[in-house]
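**Q** Turn this into a structure:
(2 chains)
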Protein chains: 2
Amino acid sequence: MTLSMHSALVPTATRTLRNLVSILEKIAAHAEARKIDPSIFLNARLYPDMFPLVRQVQIASDTVKGAVARLAGQEPPSWADTETTIEQLIERINRTIDFANSFQPAQIDGSEERPVELKMRSGTRQFTGQSYLLGHALPNLFFHTTTAYAIARHNGVEIGKADYLGRVE
Amino acid sequence: MTLSMHSALVPTATRTLRNLVSILEKIAAHAEARKIDPSIFLNARLYPDMFPLVRQVQIASDTVKGAVARLAGQEPPSWADTETTIEQLIERINRTIDFANSFQPAQIDGSEERPVELKMRSGTRQFTGQSYLLGHALPNLFFHTTTAYAIARHNGVEIGKADYLGRVE
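**A** Below is the predicted model of the structure:
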(Lines give C-alpha, C1' and ligand atoms only; values in the text may rest on other atoms or scores of the structure.)
Protein backbone atom coordinates (compact mmCIF):
# COMPACT_ATOMS: atom_id res chain seq x y z
CA MET A 1 0.00 0.00 0.00
CA THR A 2 1.40 3.39 -0.92
CA LEU A 3 2.15 5.69 1.98
CA SER A 4 -0.49 8.40 2.28
CA MET A 5 -1.49 11.14 4.70
CA HIS A 6 -4.23 8.92 6.13
CA SER A 7 -2.08 5.79 6.38
CA ALA A 8 0.73 7.76 8.02
CA LEU A 9 -1.61 9.27 10.60
CA VAL A 10 -4.65 7.19 11.52
CA PRO A 11 -3.22 3.66 11.92
CA THR A 12 -0.10 5.11 13.58
CA ALA A 13 -2.10 7.22 16.03
CA THR A 14 -4.51 4.35 16.73
CA ARG A 15 -1.66 1.98 17.59
CA THR A 16 0.11 4.58 19.72
CA LEU A 17 -3.05 5.39 21.67
CA ARG A 18 -3.83 1.69 22.18
CA ASN A 19 -0.33 1.26 23.59
CA LEU A 20 -1.01 4.20 25.90
CA VAL A 21 -4.14 2.40 27.14
CA SER A 22 -1.98 -0.67 27.90
CA ILE A 23 0.45 1.51 29.85
CA LEU A 24 -2.43 3.05 31.83
CA GLU A 25 -3.78 -0.43 32.58
CA LYS A 26 -0.37 -1.44 33.90
CA ILE A 27 -0.28 1.68 36.09
CA ALA A 28 -3.71 0.74 37.47
CA ALA A 29 -2.61 -2.84 38.18
CA HIS A 30 0.63 -1.64 39.78
CA ALA A 31 -1.24 0.83 42.00
CA GLU A 32 -3.80 -1.77 43.03
CA ALA A 33 -1.19 -4.45 43.82
CA ARG A 34 0.71 -2.03 46.04
CA LYS A 35 -2.36 -0.29 47.49
CA ILE A 36 -1.22 3.08 46.16
CA ASP A 37 -3.87 5.67 45.24
CA PRO A 38 -3.75 5.73 41.40
CA SER A 39 -4.13 9.51 41.44
CA ILE A 40 -0.60 9.72 42.82
CA PHE A 41 0.64 8.41 39.47
CA LEU A 42 -1.76 10.61 37.48
CA ASN A 43 -0.52 13.72 39.29
CA ALA A 44 3.17 12.79 39.13
CA ARG A 45 5.51 14.88 37.01
CA LEU A 46 9.21 14.89 36.17
CA TYR A 47 9.81 18.50 37.20
CA PRO A 48 7.70 21.05 39.05
CA ASP A 49 6.81 23.10 35.95
CA MET A 50 6.17 20.11 33.67
CA PHE A 51 2.68 18.73 33.13
CA PRO A 52 1.58 15.71 35.21
CA LEU A 53 0.75 12.35 33.66
CA VAL A 54 -2.99 13.09 33.37
CA ARG A 55 -2.28 16.17 31.25
CA GLN A 56 0.22 14.28 29.07
CA VAL A 57 -2.56 11.85 28.15
CA GLN A 58 -5.05 14.64 27.48
CA ILE A 59 -2.59 16.39 25.16
CA ALA A 60 -1.84 13.12 23.32
CA SER A 61 -5.61 12.82 22.77
CA ASP A 62 -5.93 16.46 21.67
CA THR A 63 -3.04 16.04 19.26
CA VAL A 64 -4.72 13.16 17.46
CA LYS A 65 -8.23 14.62 17.30
CA GLY A 66 -6.75 17.93 16.15
CA ALA A 67 -4.64 16.28 13.46
CA VAL A 68 -7.38 14.18 11.86
CA ALA A 69 -9.88 17.05 11.93
CA ARG A 70 -7.50 19.70 10.58
CA LEU A 71 -6.12 17.49 7.82
CA ALA A 72 -9.73 16.75 6.80
CA GLY A 73 -10.35 20.52 6.69
CA GLN A 74 -12.53 20.57 9.80
CA GLU A 75 -12.41 22.45 13.07
CA PRO A 76 -11.38 20.01 15.85
CA PRO A 77 -14.02 19.42 18.52
CA SER A 78 -13.23 20.79 21.97
CA TRP A 79 -13.27 18.27 24.81
CA ALA A 80 -13.18 19.33 28.46
CA ASP A 81 -10.11 18.18 30.40
CA THR A 82 -12.01 16.78 33.35
CA GLU A 83 -10.52 13.29 33.72
CA THR A 84 -9.34 12.43 37.23
CA THR A 85 -9.16 8.60 37.08
CA ILE A 86 -7.37 6.05 34.93
CA GLU A 87 -10.73 4.68 33.77
CA GLN A 88 -11.77 8.13 32.56
CA LEU A 89 -8.46 8.60 30.73
CA ILE A 90 -8.87 5.24 29.00
CA GLU A 91 -12.42 6.22 28.00
CA ARG A 92 -11.06 9.46 26.54
CA ILE A 93 -8.37 7.65 24.58
CA ASN A 94 -10.93 5.18 23.21
CA ARG A 95 -13.16 8.12 22.22
CA THR A 96 -10.16 9.62 20.44
CA ILE A 97 -9.48 6.39 18.56
CA ASP A 98 -13.14 6.21 17.52
CA PHE A 99 -13.06 9.82 16.38
CA ALA A 100 -9.90 9.27 14.31
CA ASN A 101 -11.33 6.17 12.68
CA SER A 102 -14.62 7.90 11.85
CA PHE A 103 -12.76 9.68 9.03
CA GLN A 104 -12.55 8.04 5.65
CA PRO A 105 -9.11 7.84 4.02
CA ALA A 106 -10.38 10.05 1.19
CA GLN A 107 -11.06 12.88 3.67
CA ILE A 108 -7.41 12.99 4.74
CA ASP A 109 -5.49 11.68 1.74
CA GLY A 110 -4.21 14.38 -0.57
CA SER A 111 -3.97 16.93 2.27
CA GLU A 112 -0.21 17.44 1.83
CA GLU A 113 -0.59 21.06 0.74
CA ARG A 114 -3.75 21.89 2.71
CA PRO A 115 -3.06 25.01 4.82
CA VAL A 116 -3.20 24.29 8.55
CA GLU A 117 -3.27 27.09 11.09
CA LEU A 118 -2.39 26.29 14.66
CA LYS A 119 -2.86 28.58 17.64
CA MET A 120 0.02 27.90 20.00
CA ARG A 121 1.22 29.62 23.13
CA SER A 122 4.02 31.17 21.07
CA GLY A 123 1.53 32.56 18.51
CA THR A 124 -0.30 31.39 15.40
CA ARG A 125 1.68 29.00 13.20
CA GLN A 126 1.09 28.21 9.55
CA PHE A 127 1.79 24.74 8.20
CA THR A 128 1.10 22.74 5.11
CA GLY A 129 -0.69 19.47 5.81
CA GLN A 130 2.55 17.55 5.34
CA SER A 131 4.69 19.80 7.56
CA TYR A 132 1.92 19.73 10.19
CA LEU A 133 1.74 15.93 10.16
CA LEU A 134 5.49 15.28 10.25
CA GLY A 135 6.73 18.38 12.05
CA HIS A 136 4.04 18.77 14.66
CA ALA A 137 1.27 16.16 15.00
CA LEU A 138 3.30 12.93 15.06
CA PRO A 139 6.28 14.34 17.04
CA ASN A 140 3.85 15.84 19.58
CA LEU A 141 1.85 12.62 19.93
CA PHE A 142 5.03 10.61 20.53
CA PHE A 143 6.40 13.30 22.87
CA HIS A 144 3.42 13.19 25.22
CA THR A 145 3.01 9.40 25.02
CA THR A 146 6.70 8.94 25.85
CA THR A 147 6.50 11.48 28.67
CA ALA A 148 3.49 9.68 30.18
CA TYR A 149 5.52 6.46 29.92
CA ALA A 150 8.59 8.14 31.47
CA ILE A 151 6.58 9.48 34.43
CA ALA A 152 5.18 6.00 35.11
CA ARG A 153 8.59 4.38 34.68
CA HIS A 154 10.27 6.96 36.93
CA ASN A 155 7.69 6.08 39.60
CA GLY A 156 8.46 2.39 39.48
CA VAL A 157 5.70 1.00 37.24
CA GLU A 158 7.02 -2.16 35.58
CA ILE A 159 6.78 -1.28 31.90
CA GLY A 160 9.28 -1.43 29.07
CA LYS A 161 9.71 0.06 25.63
CA ALA A 162 7.78 -2.87 24.13
CA ASP A 163 4.68 -1.46 25.87
CA TYR A 164 5.24 1.87 24.11
CA LEU A 165 5.99 0.37 20.69
CA GLY A 166 3.33 -2.34 20.89
CA ARG A 167 2.86 -5.02 18.27
CA VAL A 168 3.21 -3.98 14.65
CA GLU A 169 1.67 -6.29 12.07
CA MET B 1 4.76 17.57 -2.60
CA THR B 2 3.20 14.13 -2.24
CA LEU B 3 4.09 12.30 0.96
CA SER B 4 6.64 9.56 0.31
CA MET B 5 8.79 7.16 2.29
CA HIS B 6 11.80 9.47 1.86
CA SER B 7 9.93 12.69 2.68
CA ALA B 8 8.37 11.08 5.76
CA LEU B 9 11.73 9.87 7.02
CA VAL B 10 14.76 11.92 6.04
CA PRO B 11 13.56 15.54 6.57
CA THR B 12 11.72 14.46 9.75
CA ALA B 13 14.75 12.66 11.17
CA THR B 14 17.08 15.49 10.18
CA ARG B 15 14.93 18.07 11.97
CA THR B 16 14.54 15.87 15.05
CA LEU B 17 18.28 15.22 15.29
CA ARG B 18 19.05 18.93 14.82
CA ASN B 19 16.69 19.68 17.69
CA LEU B 20 18.53 17.08 19.76
CA VAL B 21 21.78 18.93 19.03
CA SER B 22 20.17 22.14 20.32
CA ILE B 23 19.09 20.35 23.48
CA LEU B 24 22.62 19.01 24.00
CA GLU B 25 24.04 22.50 23.49
CA LYS B 26 21.67 23.81 26.17
CA ILE B 27 22.79 21.05 28.51
CA ALA B 28 26.42 22.05 27.88
CA ALA B 29 25.66 25.72 28.54
CA HIS B 30 23.68 24.88 31.67
CA ALA B 31 26.50 22.68 33.01
CA GLU B 32 29.11 25.31 32.28
CA ALA B 33 27.13 28.16 33.88
CA ARG B 34 26.66 26.15 37.08
CA LYS B 35 30.11 24.55 37.03
CA ILE B 36 28.61 21.05 36.93
CA ASP B 37 30.55 18.26 35.22
CA PRO B 38 28.58 17.66 31.95
CA SER B 39 29.08 13.90 32.36
CA ILE B 40 26.67 14.03 35.30
CA PHE B 41 23.91 14.89 32.82
CA LEU B 42 25.11 12.35 30.27
CA ASN B 43 25.02 9.59 32.87
CA ALA B 44 21.70 10.63 34.41
CA ARG B 45 18.71 8.33 34.04
CA LEU B 46 15.07 8.35 35.14
CA TYR B 47 15.18 4.95 36.85
CA PRO B 48 18.03 2.60 37.77
CA ASP B 49 17.34 0.13 34.94
CA MET B 50 16.69 2.74 32.26
CA PHE B 51 19.41 3.89 29.87
CA PRO B 52 21.25 7.12 30.68
CA LEU B 53 21.11 10.19 28.45
CA VAL B 54 24.24 9.28 26.48
CA ARG B 55 22.69 5.96 25.44
CA GLN B 56 19.38 7.61 24.52
CA VAL B 57 21.27 9.78 22.03
CA GLN B 58 23.22 6.83 20.62
CA ILE B 59 20.00 4.86 20.09
CA ALA B 60 18.33 7.86 18.41
CA SER B 61 21.31 7.94 16.05
CA ASP B 62 21.19 4.18 15.46
CA THR B 63 17.48 4.34 14.74
CA VAL B 64 17.97 6.88 11.96
CA LYS B 65 20.99 5.27 10.31
CA GLY B 66 19.25 1.89 10.52
CA ALA B 67 16.05 3.22 9.00
CA VAL B 68 17.55 4.96 5.99
CA ALA B 69 19.87 2.04 5.24
CA ARG B 70 17.24 -0.69 5.62
CA LEU B 71 14.61 1.16 3.60
CA ALA B 72 17.22 1.60 0.87
CA GLY B 73 17.86 -2.16 0.99
CA GLN B 74 21.28 -1.85 2.60
CA GLU B 75 22.84 -3.24 5.74
CA PRO B 76 23.23 -0.40 8.28
CA PRO B 77 26.81 0.47 9.22
CA SER B 78 27.85 -0.36 12.76
CA TRP B 79 29.18 2.53 14.82
CA ALA B 80 30.93 2.02 18.16
CA ASP B 81 29.16 3.55 21.16
CA THR B 82 32.21 5.27 22.57
CA GLU B 83 30.97 8.84 23.12
CA THR B 84 31.65 10.25 26.60
CA THR B 85 31.27 14.00 26.01
CA ILE B 86 28.55 16.29 24.68
CA GLU B 87 30.85 17.35 21.84
CA GLN B 88 31.31 13.72 20.77
CA LEU B 89 27.56 13.13 20.89
CA ILE B 90 26.94 16.19 18.72
CA GLU B 91 29.57 14.94 16.28
CA ARG B 92 27.79 11.58 16.13
CA ILE B 93 24.43 13.20 15.50
CA ASN B 94 25.88 15.34 12.73
CA ARG B 95 27.44 12.22 11.21
CA THR B 96 24.01 10.58 11.35
CA ILE B 97 22.39 13.55 9.61
CA ASP B 98 25.06 13.45 6.89
CA PHE B 99 24.56 9.70 6.46
CA ALA B 100 20.76 10.06 6.17
CA ASN B 101 21.10 12.85 3.63
CA SER B 102 23.62 10.91 1.54
CA PHE B 103 20.70 8.81 0.28
CA GLN B 104 18.78 9.97 -2.75
CA PRO B 105 14.98 10.06 -2.50
CA ALA B 106 14.79 7.43 -5.25
CA GLN B 107 16.69 4.96 -3.04
CA ILE B 108 14.05 5.12 -0.32
CA ASP B 109 10.85 6.06 -2.13
CA GLY B 110 8.70 3.10 -3.10
CA SER B 111 9.99 1.00 -0.20
CA GLU B 112 6.51 0.58 1.37
CA GLU B 113 6.46 -3.18 0.75
CA ARG B 114 10.20 -3.84 1.01
CA PRO B 115 10.77 -6.59 3.61
CA VAL B 116 12.68 -5.36 6.65
CA GLU B 117 14.10 -7.76 9.20
CA LEU B 118 15.05 -6.43 12.59
CA LYS B 119 16.99 -8.28 15.25
CA MET B 120 15.63 -7.15 18.60
CA ARG B 121 16.18 -8.40 22.13
CA SER B 122 12.79 -10.11 21.92
CA GLY B 123 13.78 -11.94 18.70
CA THR B 124 13.80 -11.28 14.97
CA ARG B 125 10.88 -9.18 13.71
CA GLN B 126 9.59 -8.94 10.16
CA PHE B 127 8.21 -5.67 8.86
CA THR B 128 7.20 -4.17 5.57
CA GLY B 129 8.97 -0.88 4.82
CA GLN B 130 5.85 1.07 5.75
CA SER B 131 5.16 -0.75 9.03
CA TYR B 132 8.84 -0.42 9.92
CA LEU B 133 8.86 3.33 9.25
CA LEU B 134 5.61 4.13 11.08
CA GLY B 135 5.53 1.37 13.68
CA HIS B 136 9.17 1.25 14.65
CA ALA B 137 11.63 3.78 13.23
CA LEU B 138 9.78 7.07 13.81
CA PRO B 139 8.22 6.07 17.16
CA ASN B 140 11.63 4.86 18.36
CA LEU B 141 13.42 8.02 17.24
CA PHE B 142 10.88 10.21 19.02
CA PHE B 143 10.93 7.94 22.08
CA HIS B 144 14.67 8.27 22.63
CA THR B 145 14.79 11.96 21.73
CA THR B 146 11.96 12.68 24.18
CA THR B 147 13.62 10.56 26.86
CA ALA B 148 16.91 12.44 26.42
CA TYR B 149 14.90 15.66 26.74
CA ALA B 150 13.06 14.34 29.81
CA ILE B 151 16.29 13.36 31.57
CA ALA B 152 17.72 16.85 30.97
CA ARG B 153 14.47 18.52 32.05
CA HIS B 154 14.22 16.34 35.15
CA ASN B 155 17.72 17.49 36.06
CA GLY B 156 16.87 21.16 35.82
CA VAL B 157 18.12 22.11 32.35
CA GLU B 158 16.04 25.04 31.11
CA ILE B 159 14.48 23.63 27.96
CA GLY B 160 10.90 23.49 26.73
CA LYS B 161 8.89 21.55 24.19
CA ALA B 162 9.73 24.15 21.55
CA ASP B 163 13.34 22.89 21.71
CA TYR B 164 12.13 19.38 20.96
CA LEU B 165 9.74 20.38 18.17
CA GLY B 166 12.04 23.02 16.66
CA ARG B 167 11.05 25.25 13.80
CA VAL B 168 9.03 23.73 10.99
CA GLU B 169 8.97 25.58 7.69
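
**Q** Which residues does stretch A:139-148 contact?
**A** A:13, A:16-17, A:19-20, A:23, A:46, A:50-51, A:53, A:56-57, A:59-60, A:63-64, A:67, A:164, B:12, B:16, B:138-139, B:142-143, B:146-147, B:150, B:161, B:164-165 (CB atoms under 8 Å, 6 or more residues apart in numbering or on different chains). Any C-beta I mention is one placed from the backbone N, CA and C, and that applies to glycine too.

**Q** And chain B, is the strand or helix carrying A:Thr63 touching that?
**A** Secondary-structure assignment from DSSP states H and E places A:Thr63 in helix A:53-71. No - using CB under 8 Å from any CB of the partner chain, helix A:53-71 stays clear of chain B, coming no nearer than 9.7 Å.

**Q** So which residue is dead centre in chain A?
**A** Chain A has A:Ala60 as the residue nearest its centroid, 2.4 Å off, counting by CA atoms, centre = their mean.

**Q** how many other residues sit next to the closest residue to that one other than its chain neighbours?
**A** Distances taken as CB to CB, 6 or more residues apart in numbering or on different chains put A:His144 closest to A:Ala60, at 4.2 Å, once the chain neighbours are dropped. A:His144: 25 surrounding residues under other CB atoms under 10 Å in any protein chain shown.

**Q** do A:Lys26 as well
**A** Residues within reach of A:Lys26, counting by other CB under 10 Å, total 16.

**Q** Give me the distance between it and A:Ala137.
**A** Separation of A:Lys26 from A:Ala137 (CB to CB, to the nearest Å): 26 Å.

**Q** Show me what stretch A:80-94 is in contact with.
**A** For stretch A:80-94, the external contacting residues (CB under 8 Å, 6+ apart) are A:17, A:20-21, A:24-25, A:27-28, A:38-39, A:42, A:54-55, A:57-58, A:60-61, A:79.

**Q** Would you indicate which residues of that stretch are buried?
**A** Using 16 or more other CB atoms under 10 Å in any protein chain shown as the test for burial, stretch A:80-94 gives A:Glu83, A:Ile86, A:Leu89, A:Ile90, A:Arg92, A:Ile93.

**Q** Now do the top helix by length along chain A, average pLDDT.
**A** Identified as the longest helix of chain A according to DSSP state H is helix A:5-33. The pLDDT scores in helix A:5-33 average 98.

**Q** and the helix or strand hosting A:Thr147 with helix A:53-71, angle?
**A** Element membership for A:Thr147, per DSSP H and E: helix A:138-154. Computed by axes from the mean of the first three to the mean of the last three CA atoms, to 10 degrees, the angle separating helix A:138-154 from helix A:53-71 equals 160 degrees.

**Q** Check the offset of helix A:138-154 from the chain's centre.
**A** In terms of CA atoms, centre = their mean, to the nearest Å, the centre of helix A:138-154 is set 9 Å apart from its chain centre.

**Q** shaky segments in chain A?
**A** A:169 (pLDDT under 70).

**Q** Show the subsequent helix or strand relative to the helix holding A:Thr63.
**A** helix A:86-101.

**Q** any idea which helix or strand comes after that next one?
**A** Downstream of helix A:86-101, the first helix or strand assigned by DSSP H and E is helix A:105-108.

**Q** Now find how far off-centre that next one is within its chain.
**A** 20 Å.

**Q** quick one: strands adjacent to the helix or strand just after it?
**A** Sequence-wise, the next helix or strand downstream of helix A:105-108 (DSSP H and E) is strand A:115-120. Applying DSSP bridges, strand A:115-120 is found paired with strand A:123-128 (antiparallel).

**Q** who touches the strand it pairs with?
**A** Applying CB under 8 Å, 6+ apart, the external contacts of strand A:123-128 come out as A:Glu112, A:Glu113, A:Arg114, A:Pro115, A:Val116, A:Glu117, A:Leu118, A:Gly135, A:His136, B:Val168.
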